[in-house]
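In: Provided below are the primary sequence and the corresponding predicted coordinates.
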Amino acid sequence: NAGVTQTPKFRILKIGQSMTLQCTQDMNHNYMYWYRQDPGMGLKLIYYSVGAGITDKGEVPNGYNVSRSTTEDFPLRLELAAPSQTSVYFCASSYSGLRGNGGYTFGSGTRLTVV
Amino acid sequence: AQTVTQSQPEMSVQEAETVTLSCTYDTSESDYYLFWYKQPPSRQMILVIRQEAYKQQNATENRFSVNFQKAAKSFSLKISDSQLGDAAMYFCAFNTGTASKLTFGTGTRLQVTL
């Protein structure tokens, strides 16, 4: 099993550009999440999804959009990139939340720099 | 608001010694899991140990154990027989709610010295 796959691993964007961070999981997990990690900080939730066609905002959603057309994929879209979006982005998935085994699988992260 | 507080930005331990990392949290939920994650320089988030809030028995995983005090909302991690490979950032986290969202602390950087 590949687990959670994130692409790209690194990216440099210019201010005002747009990009999509890809996230794919092959574990048939219902729940998927996007987090960002700023230097020296913990992870903060951007968006999450509890199943295909269902998405909701997390703690820091401004400047981002997501979609969940399939169980496997949960792309994160950055529109009009700003320096404040320089961060490491993690995608994660979980089988069924609290009533599952409480386990999460994380991707390896995408380091994004906006200049 | 649900929060996690890790009051020790950095800790240091000598190889083979024991170290305890502190974590307190705040939630109005009664059903949740608590986690400790390790993040080495590779950035990968590695699950160290997990505790179910409704279980009174403290979780253990080899050299890693927790002291879970539900009433005090405290969840500390003890690392015994520390090894050089334990050096990393350690994050305390918990999840609640139907969407099982994780809330993280700001982390503790652990150094292991010879």
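Out: Here it is on my side, so go on. A quick note: this is a predicted structure, and the numbers were derived from the prediction, not measured.
In: Any part of stretch A:48-61 near chain B?
Out: Yes - Stretch A:48-61 lies within reach of chain B by Cβ under 8 Å from any Cβ of the partner chain, at A:48, A:50, A:56, A:58. Bear in mind the C-beta positions are built from the backbone N, C-alpha and C, glycine included.
In: Now do the end-to-end distance for that stretch.
Out: 10 Å (Cα to Cα, to the nearest Å).
In: mind listing which of the residues of stretch A:48-61 next to chain B are in strands?
Out: Among those, the members found in strands (DSSP state E) are A:48, A:50, A:56.
In: Now do the contacts for the last one.
Out: Residues touching A:Asp56, when contacts are defined by Cβ atoms under 8 Å, 6 or more residues apart in numbering or on different chains, comprise A:47-50, B:99.
In: Select from these the one having the most neighbours.
Out: Neighbour tally across the contacts of A:Asp56 (other Cβ atoms under 10 Å in any protein chain shown): the maximum, 25 neighbours, falls on A:Tyr48.
In: ok, it - contacts?
Out: Here A:Tyr48 is in contact with A:31-34, A:55-56, A:58, B:99, B:101 (criterion: Cβ under 8 Å, 6+ apart).
In: Identify all contacting residues around the lowest-mean-pLDDT helix or strand in chain B.
Out: Counting by mean pLDDT, DSSP states H and E, chain B has its least confident helix or strand at strand B:101-104, which shows a mean of 90. Strand B:101-104 is contacted from outside by A:33, A:35, A:42-45, A:48, A:58, A:92, A:104, B:2-4, B:25, B:35, B:37, B:91-96, using Cβ under 8 Å, 6+ apart.
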